[in-house]
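Asker: Give me coordinates for this.
(4 chains)
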Number of protein chains: 2
Amino acid sequence: MDKLDERKLKILQAIIRNYLETGEPVGSRTISKYTDLNLSSATIRNEMSDLEELGYIVQPHTSAGRIPSDKGYRLYVDTMMSDKIQEVEDMKEVLLEKADKMETLLKQVAKLLAVNTNYATMVTSPQYRSRKVKFIQLTGVDEEQLLAIIVIEGNIVKNKMIDLRDPVSAEIILKMNLILNTFLQGLDPSEINLQIIKKIRDQVGGYFDLISDILDEITQAINEEEDIQTYMSGTSNIFKYPELGDMQKASELLYALEDKKELSEFIAGTTGVADEAGIQVYIGTETPMEAMRDCSVVTATYQIEEGVFGKVGIIGPKRMDYEKVVGTLQTLITQLDDIFKKKT
Amino acid sequence: MDKLDERKLKILQAIIRNYLETGEPVGSRTISKYTDLNLSSATIRNEMSDLEELGYIVQPHTSAGRIPSDKGYRLYVDTMMSDKIQEVEDMKEVLLEKADKMETLLKQVAKLLAVNTNYATMVTSPQYRSRKVKFIQLTGVDEEQLLAIIVIEGNIVKNKMIDLRDPVSAEIILKMNLILNTFLQGLDPSEINLQIIKKIRDQVGGYFDLISDILDEITQAINEEEDIQTYMSGTSNIFKYPELGDMQKASELLYALEDKKELSEFIAGTTGVADEAGIQVYIGTETPMEAMRDCSVVTATYQIEEGVFGKVGIIGPKRMDYEKVVGTLQTLITQLDDIFKKKT
DNA sequence: GTTAGCACTCCACATCATCGAGTGCTAACA
DNA sequence: TGTTAGCACTCGATGATGTGGAGTGCTAAC
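Answerer: Predicted coordinates:
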């Protein structure tokens, strides 16, 4: 039913392109000149009337030009976007310079993207699927404290300080190290059950309180909500787009962006992989967040290693430059891949 | 020269109080009714005229009421603020619940403050003055990687992964541990010089490359810009205050807030302790940041232990409720103190 | 099927008048 | 000398009004 003929497609594309650039409703005369169709404005008007009836464009009010509807944008990003390869400056170098630490790297990514695109960006820290203990190390720091280092599969390192009720000798610590590693290696938290705890206790012989403390801390460290951090940047960019910029909307939107929880859940949860590069586009009401009804969100997935991945999201007005955003994300993901591969 | 008599003070106070509440210029008639001075509006007008001449209040335009100037606010917070003790709900419990980790705790603090005050808040992570190595531990993770754990005075734990060019035996690792600790304990990075490196090398005998790698990572870990994190919350609150809320100003301000670097430098650098509780108030142009000329900033210092402290800042409109903010910060600081004391 | 022409719509913008809060000043009063 | 009532004046905020222009839809001619 929605079959659009060649000409309608061309006109729709022209409308969208133009609107993306100017942000103002586009009229029939503009299109008549803008395209190479050599049609008069009147003809265009007829076609536009059809396109409106089909729901691809809307009129903000009678006697204004047309702007794309969500449906129109959708068609555009799905089928009409030109794959112009982005000549984004090589981001890798900028990134590597600062890549001493994952956290810094991700912050840097968010910032870089924000500066490059002029939209708001967010990056979530990688989520680790596996939570198997790879390695545990207890070390006496001083008389009162024990440092527990837990390495989880994927080389995530966690440390916990454990308060000692009574001093513990170096031998005991060594012994515990051995025993803990023997029993816990390769387990994930759900597998650390009473039986295992009992075995450990038997082996150590005594120090019940201490063992409980230690095991508590270890399981806590592993489970630790794998604090999906979200790093944002460029939120103030939304002021650059008048259609988001009236007090009301801007404040709502910023408020929503600030509530990182909901947002990151949405972005992290964008599982359906739409695109070979894992890039997904959400237009207007396609996002689950009310405050974003006038926005579009583009997400991408970066992967650190098998099963360890995080998300990158760009939030902008519906009339965002999808080509550029998608292109930039593509190169970014590629370059991140390179970085992580080298690091491993 | 600026001696204000009792009556002028009372009037100024009334003006400020009123303006803090309403946010609108206050006229003479209002004051005449609002105060218990029993003076007619005409008299008030004369006094107001004087106050204006002295620079404590200004008129946005002829035939509008007066609003306090920065100087007026300053006088107010310095001498006229009532010390009404804030009956802030006990924040301790809320905080302790989540206080498993410093980072989470601080984020929580920022959020709590933002919700409580309806202003924008920021919290900087504690800064450690001393950088002395307390303790180093190398552990082989697998054939290719070595985990270095560095504990710095104040029990800051850092870890670094070190790629191994060739496998290293457990004995060697043990030996290195011993040697590294012998030579590096109690030193800060500036003291790790060539001489010491040479000594270490001599002792280990061989493994030159590895030792360089390890020492590199260690010094890097210690120096690591002690990433003064800043956690912000409630930035969208600024929309609640119309005087900050016009596009232009709001966007500037948000932009400035986003540039955490400058902001946190300012807030972290607020060294002069003005108040017995370490609370400082910056009004309007007293802040070093241009974008904040219409804002006030209140900062406080929390201390974790001797020499380890961080900052809390509240950013709001000049007509912020100073009493409440200062009060809230005071209780917050007290409660944080309690929390940290208990933890130690 | 396409186009020129035309009446019509509606927003954006500027102009204008009005209203009211608040001032400064003067003159009278205690 | 300090206080007050009265009054003219200022100036922003608000709303009504008018005008111009961009753009549409429709009709009739090509």
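
Asker: Give me the pLDDT value at the closest residue to chain B within the stretch 101-250 of chain A.
Answerer: Residue nearest to chain B within the stretch 101-250 of chain A: A:Phe239 (3.7 Å; Cβ to the nearest Cβ). Placement of C-beta: from N, CA and C, glycine included. Confidence at A:Phe239, expressed as pLDDT, is 87.

Asker: again with A:Ile179
Answerer: 90.

Asker: neighbours around it, how many?
Answerer: Neighbourhood size, A:Ile179 [other Cβ atoms under 10 Å in any protein chain shown]: 18.

Asker: so it sits right up against A:Gln203, yeah?
Answerer: Yes. Using Cβ atoms under 8 Å, A:Ile179 makes contact with A:Gln203 at a distance of 4.8 Å.

Asker: Residue numbers of chain A in contact with DNA strand D?
Answerer: Neighbours of DNA strand D within chain A, by Cβ under 7 Å from any atom of the strand: A:25-30, A:41-42, A:45, A:48-49, A:52, A:59, A:62-66.

Asker: Now name the helix or strand holding A:Ile150.
Answerer: Element membership for A:Ile150 (DSSP states H and E) is strand A:145-152.

Asker: Helices along the stretch 151-300 of chain A, start to end?
Answerer: For the stretch 151-300 of chain A, the helices defined by DSSP state H, counting those that start in this stretch cover A:170-184, A:194-204, A:208-223, A:242-245, A:247-258, A:260-268.

Asker: touching chain B at all, the first one?
Answerer: Spelled out, it's helix A:170-184. No. Helix A:170-184 lies apart from chain B when judged by Cβ under 8 Å from any Cβ of the partner chain; the minimum separation is 9.8 Å.

Asker: likewise the shortest one?
Answerer: Yes. Judged by Cβ under 8 Å from any Cβ, helix A:242-245 comes into contact with chain B at A:Gly245.

Asker: now for that helix, which elements pack on it?
Answerer: The contact analysis (3 or more Cβ pairs under 8 Å, 6 or more residues apart in numbering or on different chains; DSSP states H and E) places helix A:242-245 against no helix or strand.

Asker: Just the mean pLDDT for it, thanks.
Answerer: Averaged across helix A:242-245, pLDDT comes to 79.

Asker: The helices of the stretch 151-300 of chain A into CSV, with extra columns for distance to A:Ile162?
Answerer: What follows is the helices of the stretch 151-300 of chain A, written out as CSV (distance: least, Cβ to Cβ, whole Å):
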stretch, distance to A:Ile162
helix A:170-184, 11
helix A:194-204, 15
helix A:208-223, 6
helix A:242-245, 49
helix A:247-258, 35
helix A:260-268, 30
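
Asker: Give the buried residues for the strand holding A:Ile150.
Answerer: Within strand A:145-152, the residues that count as buried by 16 or more other Cβ atoms under 10 Å in any protein chain shown are A:146-152.

Asker: Return the list of helices and strands in contact with it.
Answerer: When contacts are defined as 3+ Cβ pairs under 8 Å, 6+ apart, strand A:145-152 sits against strand A:133-142, strand A:156-163, helix A:208-223, strand B:133-140, strand B:145-152.

Asker: Please repeat the previous calculation with a cut-off of 10 Å.
Answerer: The contact analysis (3 or more Cβ pairs under 10 Å, 6 or more residues apart in numbering or on different chains; DSSP states H and E) places strand A:145-152 against strand A:133-142, strand A:156-163, helix A:170-184, helix A:208-223, strand B:133-140, strand B:145-152, strand B:156-163.

Asker: Minimum distance to A:Glu243: which of the ones you listed has it?
Answerer: With Cβ to Cβ as the measure, strand A:156-163 is the member of the helices and strands packed on strand A:145-152 nearest A:Glu243 (42.1 Å).

Asker: Neighbouring strands - and their directions - for that closest one?
Answerer: In the sheet, strand A:156-163 lines up against strand A:145-152 (antiparallel) (DSSP bridges).

Asker: what pLDDT, on average, does the strand it pairs with get?
Answerer: Taken as a whole, strand A:145-152 carries a mean pLDDT of 85.

Asker: Same check on stretch A:328-338?
Answerer: Model confidence over stretch A:328-338 averages 87 on the pLDDT scale.

Asker: buried stuff in that stretch?
Answerer: Applying 16+ other Cβ under 10 Å to stretch A:328-338 flags A:328-333, A:335-336 as buried.

Asker: Same question for stretch A:278-297.
Answerer: A:278-284, A:287, A:289, A:291-292, A:294-297.

Asker: Out of these, show me where the pLDDT dips lowest.
Answerer: Lowest pLDDT within the buried residues of stretch A:278-297 is found at A:Gly278 (82).

Asker: in what helix or strand does the residue nearest to that residue when sequence neighbours are not counted lie?
Answerer: Closest residue to A:Gly278 apart from its sequence neighbours, by Cβ to Cβ, 6 or more residues apart in numbering or on different chains: A:Thr301 at 4.0 Å. In this structure, A:Thr301 sits in strand A:295-305 according to DSSP H and E.

Asker: What pairs with that strand, parallel or antiparallel?
Answerer: strand A:280-283 (antiparallel), strand A:308-317 (antiparallel).

Asker: And those, which one averages the lowest pLDDT?
Answerer: Here the strands paired with strand A:295-305 differ in mean pLDDT, and the lowest is strand A:308-317 at a mean of 90.

Asker: coming back round to it: next, the angle from the strand holding A:Ile150 to helix A:208-223.
Answerer: Inter-element angle recorded for strand A:145-152 and helix A:208-223: 40 degrees (by axes from the mean of the first three to the mean of the last three Cα atoms, to 10 degrees).

Asker: ok, the closest residue to DNA strand D within chain A - contacts?
Answerer: Going by Cβ to the nearest atom of the strand, DNA strand D is nearest to A:Gly27 of chain A, at 2.9 Å. A:Gly27 makes contact with A:15, A:18, A:41, A:44-45, A:48, A:63-66 under the criterion Cβ atoms under 10 Å, 6 or more residues apart in numbering or on different chains.

Asker: Mind checking which of the residues you listed land in strands?
Answerer: Among the contacts of A:Gly27, no member falls in strands (DSSP state E).

Asker: number of nearby residues for the residue of the stretch 151-300 of chain A found nearest DNA strand C?
Answerer: Across the stretch 151-300 of chain A, the shortest distance to DNA strand C (Cβ to the nearest atom of the strand) belongs to A:Pro242, at 10.4 Å. As a burial measure, A:Pro242 scores 11 neighbours (other Cβ under 10 Å).

Asker: Can you tell me the closest non-neighbouring residue to it?
Answerer: In space, not counting the residues next to it along the chain, A:Pro242 is nearest to A:Gly23; the distance is 6.8 Å by Cβ to Cβ, 6+ apart.

Asker: List the contacts of the one you found.
Answerer: By Cβ under 10 Å, 6+ apart, the contact set of A:Gly23 is A:67, A:241-243, A:317, A:319.

Asker: Can you check the pLDDT for it?
Answerer: pLDDT, A:Gly23: 91.

Asker: where in chain A is pLDDT low?
Answerer: Low-confidence segments of chain A, defined by pLDDT under 70: A:1-2, A:83-100, A:129-130, A:154, A:224-227, A:270-277, A:307, A:342-344.

Asker: Which positions in it make contact with DNA strand C?
Answerer: A:38-40, A:42-43, A:46, A:61-64.

Asker: Can you tell me which of those are buried?
Answerer: If we count by 16+ other Cβ under 10 Å, these have these buried: A:39, A:43.

Asker: In chain A, what residue comes closest to DNA strand C?
Answerer: Residue nearest to DNA strand C within chain A (Cβ to the nearest atom of the strand): A:Ser63, separated by 2.8 Å.
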